[in-house]
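[1] kindly generate the corresponding structure for this input.
(2 chains)
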2 protein chains.
Amino acid sequence: MSAFESRTVDGKLLDEVRFLIHRQDSVSLKKLIDPMKPADVADLIEHLGRDEGFFIFGLLEAEGAGDVLMEIEAPVRKRILEALDSKAITQIVEVLDSDDAADLVGDLPADRAREVIEGVRDEVTQELERLLPYPEDTAGGIMALEFVAVRASAAVRDAIESIREKREEVENLYYIWVIDDFDKLVGVISLKDLVLEPPDRKIDEIMNPDVISVNVNADQEEVIHLVRRYDLVNIPVVDDAYRLVGRITYDDIIEAIEDEVDEDISLMAGVIDQEITEHSPIKISRARLPWLLAALFGGILAASVIHQFESSLEKLIALSFFFPVIMAMGGNTGIQTSTVVIRGLATGEISLANTGKRIWMEMRVALINGLTCSLILGLVVALWLDDFGLASVVSTALLLIILISGLVGSAVPLALKKLKIDPALAAGPFITTYNDILSLLIYLSLVTLFLSVRVH
Amino acid sequence: MSAFESRTVDGKLLDEVRFLIHRQDSVSLKKLIDPMKPADVADLIEHLGRDEGFFIFGLLEAEGAGDVLMEIEAPVRKRILEALDSKAITQIVEVLDSDDAADLVGDLPADRAREVIEGVRDEVTQELERLLPYPEDTAGGIMALEFVAVRASAAVRDAIESIREKREEVENLYYIWVIDDFDKLVGVISLKDLVLEPPDRKIDEIMNPDVISVNVNADQEEVIHLVRRYDLVNIPVVDDAYRLVGRITYDDIIEAIEDEVDEDISLMAGVIDQEITEHSPIKISRARLPWLLAALFGGILAASVIHQFESSLEKLIALSFFFPVIMAMGGNTGIQTSTVVIRGLATGEISLANTGKRIWMEMRVALINGLTCSLILGLVVALWLDDFGLASVVSTALLLIILISGLVGSAVPLALKKLKIDPALAAGPFITTYNDILSLLIYLSLVTLFLSVRVH
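    All right, here's what the predicted structure looks like:
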């Protein structure tokens, strides 16, 4: 790796920084931090305590402070913003790209946001007012207003002049977009082509008219889908009249992909996003408790289900030995199936066009796995309790449970998707709890039926 | 969205294509497919049956066929490659980028790979022989040999000439890299800067010497980490002597990120990657069975644990009512905690530098959630069974179980990471099963102790 490469935050660096903070040695600290990249300074601040982190942040100039702030995880960023006065925030917002500025202002309490919007230059105020109305998870919510566009009738020379004018303003410029006289998006040119064409060449002769764009109101998921599918590095954002209004860059796209993954994982386990840098156990607990309470009440419901079969248990106390295995098999089958379906829906590999095929596949898999596992469990029960009749009933119950769990695990996420509810919810404790209860019901009903038949 | 936008594969398109295939109407099919983007044709083929998909694939020219093939999911691609003769594969490999060519040849059976390597042009043979030795999940395994580099002593004019020479060969060119006389990487220039500088300007005057690179033997995770952290769109790959040897592009990085996520999710649930396009239920079943069998034997072990406490159950059959709730609470707490830690380790937000802090946070969260849930369960037991003594014991057991599950859920992934084992394994059925057994043990031991004390 390069000599210019990141300074990873390790124990040694942390000790050094803490020692310098303790000595209030700003000069040595600045010398240490200045050559670091914003993402590394952000990481350092995340690793430090509240006051230490704020001390480091205070050493940064406005430009650097903005870049670092955007790299810091949301909970830590929130604490820093709370400690800054509106004037400091205004200075930072002025130097940020429009999309970052809007994100930052959008996260502020309403009154402070108002102060900042009024405090910045008129140009920045206008940009904020254009971007802030878009919901966070739409194309408009993640786009920036910094891009380069030229008219189709212009020449290569003009395009290069446009780039020169925006040299400092537009970072990560790889494509320029071509618009017609009504500002409508009509084409794209890569900088590679631009650098190779003579200055007097007409733009509409060299542009690629096959440009993929996204509507400003489209969902972030749509953006991710297009980028992933067509390997786009930038995607132009257009309004309903197909006029170019913004640009989404690859760093925001990678962030959006990670956000979607985090969102799914969080929903599945019942945890909040960005929990990792959250400093308040109360907040984390508040996010996780609903899932635990759902499981708790599900468990109490399961207890009352078992209670209904008390007489069977009294006849044969060994029936309760198999509660864990019955629930574990239903649970694991359900998780496996729903995980595959949820992930497939998220990446677009499963569409609602092939729903039936997917469920059919899951049923065949469940049949193979169910037969294998129920055969093994049947043998164990037969040998242990020396009761072949009971063994065959337990075995049949397990097969049924695995088949039903496979069906529920694949059908529920697909149904949620059809109802436009996030399918990741199907892997959460709700389905697991439901599976537990259903599995116990099937098992206890079959066994009770068997015991009553045998007695007569 | 653009008029040039993707043709989403829906029921209507599928019906139309199937009808044309049935009529063997290649002319109409070609007319339908030609304007489609490779990713869309790939999606169409994935949605079709085996023979239909192969019919469509057969209509493509070598160049298009290669692009489509690389967009098709691995299991379907494998079937198509099996059906193609070595000559057809050779033609496709010749037109692919070096990284895609190596991936494709690397997936072929050894004898067919040999035939293809010998069949292609000498230049392609050399490229394949350079790339094939690198393991798939290393920087060398995902890099391409297509890039543009110039000497530091050259001028802007020379750089533009280098781009012109490689105009067709190097796609997605946004940066050119600068090397010294020993081929060592010393800087980077964006095409934006290149297009704005006069032709006689010296490269070393305008290059940015602060270039982040990755060693050819580095793990893919390291690549993802660097890209994510520094928002890179291309990353240069260097050998141990710091000589530039390849380039990893944005599309491969997004693919690598998705691969890592898929890998983690797969490991957590015990399913295989790319299961979605796998057509064989036997193969899917074979991947999932080990997880199910682990859960099965864990469940049988749990049964034998319960068996040890049979006399307590005989005294009070209601003890078995609470097996589900006890296991569900331990299980859910474990999943929540391990999910956060695993995801944090994957994104780099949790490092081994702040292990203690993380565990301490998890313990505090577990204490809050444990107190809440055990209070509720205690009340339910007290009111239902009218036994306050038993209620307080069940309640205490639940608190203990939640605390221990929180500890195990956070400590195990961190320990696995330290042992260089994928921490995602900690959310799998092994830990869940272990949690089940431990929870039952704690609950039954405490309750048995209580019952025996009360009897005396």
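
[2] tell me the domain ranges of chain A?
    A:11-133, A:149-249, A:280-455 (automatic domain parsing).

[3] got these as CSV, with mean neighbour count and mean pLDDT columns?
    Every residue, glycine included, has its C-beta placed from N, CA and C. Formatted as CSV, those follow (neighbours: other C-beta atoms under 10 Å in any protein chain shown; pLDDT from 0 to 100):
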stretch, mean neighbour count, mean pLDDT
domain A:11-133, 17, 91
domain A:149-249, 18, 94
domain A:280-455, 20, 88
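
[4] for residue B:76, see how far away residue A:414 is.
    In this structure, residue A:414 and residue B:76 are 21 Å apart, going by C-beta to C-beta, to the nearest Å.

[5] and the gap between the closest residue to residue A:90 other than its chain neighbours and residue A:113?
    Nearest-residue entry for residue A:90: residue A:119, 3.9 Å, with adjacent residues in sequence omitted and distances by C-beta to C-beta, 6 or more residues apart in numbering or on different chains. Counting by C-beta to C-beta, the separation of residue A:119 from residue A:113 is 11 Å.

[6] residue A:382 now?
    Residue A:382 sits 70 Å away from residue A:113, taking C-beta to C-beta as the criterion.

[7] what does residue A:168 give?
    In this view, residue A:168 and residue A:113 are 26 Å apart by C-beta to C-beta.

[8] and residue A:246, that's in a strand?
    Yes - assessed by DSSP: H, G, I helix; E, B strand; the rest coil, residue A:246 belongs to a strand.

[9] so it is in contact with residue A:144, correct?
    Yes - applying C-beta atoms under 8 Å as the test, residue A:246 and residue A:144 come out as touching, 6.2 Å apart.

[10] the stretch 1-150 of chain A: helices as residue ranges?
    When assigned using DSSP state H, counting those that start in this stretch, the helices of the stretch 1-150 of chain A occupy the ranges A:11-22, A:26-33, A:38-47, A:50-58, A:62-71, A:74-83, A:86-95, A:98-107, A:110-119, A:122-131, A:139-142.

[11] quick one, phi psi at residue A:178?
    With angles defined as degrees, to the nearest 10, residue A:178 shows backbone torsions of phi -110, psi 130.

[12] helix, strand or coil for the closest residue to it other than its chain neighbours?
    Sequence neighbours aside, residue A:187 is the residue nearest to residue A:178 in space, at 3.7 Å (criterion: C-beta to C-beta, 6+ apart). Reducing the assignment to helix, strand or coil with three-state DSSP, the entry for residue A:187 is strand.

[13] OK, contacts around residue A:187?
    Contact criterion C-beta atoms under 8 Å, 6 or more residues apart in numbering or on different chains gives A:152, A:177-178, A:203-204, A:207-209, A:211 as the residues in contact with residue A:187.

[14] before we move on, what about residue A:208?
    Taking C-beta under 8 Å, 6+ apart as the definition of contact, the neighbours of residue A:208 are A:187-189.

[15] can you tell me which of these is closest to residue A:18?
    residue A:188 (49.9 Å; C-beta to C-beta).

[16] end-to-end on stretch A:305-321?
    16 Å (C-alpha to C-alpha, to the nearest Å).

[17] can you map out the helices along the stretch 351-456 of chain A?
    A:355-385, A:388-418, A:429-455.

[18] can you put the domains of chain A in TSV and add distance to residue B:22?
    What follows is those, written out as TSV (distance: least, C-beta to C-beta, whole Å):
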stretch	distance to residue B:22
domain A:11-133	50
domain A:149-249	28
domain A:280-455	19
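
[19] so which of the ones you listed is nearest residue B:15?
    Nearest to residue B:15 among the domains of chain A is domain A:280-455; the distance by C-beta to C-beta comes to 10.7 Å.

[20] next one: that closest one to chain centre, how far?
    27 Å (C-alpha atoms, centre = their mean, to the nearest Å).

[21] about what we covered before: need the helices of the stretch 351-456 of chain A in TSV with distance to residue B:256, can you?
    Formatted as TSV, the entries for the helices of the stretch 351-456 of chain A read as follows, by distance: least, C-beta to C-beta, whole Å:
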stretch	distance to residue B:256
helix A:355-385	26
helix A:388-418	26
helix A:429-455	31
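
[22] of all the ones you listed, which one comes closest to chain B?
    Judged by C-beta to the nearest C-beta, the one of the helices of the stretch 351-456 of chain A that comes nearest to chain B is helix A:355-385, at 3.9 Å.

[23] what is that closest one packed up against?
    Counting contacts by 3 or more C-beta pairs under 8 Å, 6 or more residues apart in numbering or on different chains; DSSP states H and E, helix A:355-385 is packed against helix A:323-347, helix A:388-418, helix B:281-308.

[24] does anything pack onto the second one? Which helices or strands?
    Using 3+ C-beta pairs under 8 Å, 6+ apart, the elements in contact with helix A:388-418 are helix A:323-347, helix A:355-385, helix A:429-455.

[25] and the longest one with helix A:323-347, angle?
    The one in question is helix A:355-385. Relative orientation of helix A:355-385 with respect to helix A:323-347: 160 degrees, computed using axes from the mean of the first three to the mean of the last three C-alpha atoms, to 10 degrees.

[26] which one, of the helices and strands packed on helix A:355-385, ends up nearest to residue B:123?
    Closest approach to residue B:123 among the helices and strands packed on helix A:355-385 (C-beta to C-beta): helix A:323-347, 35.2 Å.

[27] report the separation between residue A:345 and chain B.
    10 Å (C-beta to the nearest C-beta, to the nearest Å).

[28] please apply the same query to residue A:191.
    Distance check for residue A:191 against chain B: by C-beta to the nearest C-beta, it reads 4 Å.

[29] can you tell me the closest non-neighbouring residue to that residue?
    In space, residue A:191 comes closest to residue B:191 once its chain neighbours are excluded; the distance is 4.0 Å by C-beta to C-beta, 6+ apart.

[30] was I right to think that neighbour contacts residue A:195?
    Yes - under the criterion of C-beta under 8 Å, residue B:191 is in contact with residue A:195, at a separation of 6.0 Å.
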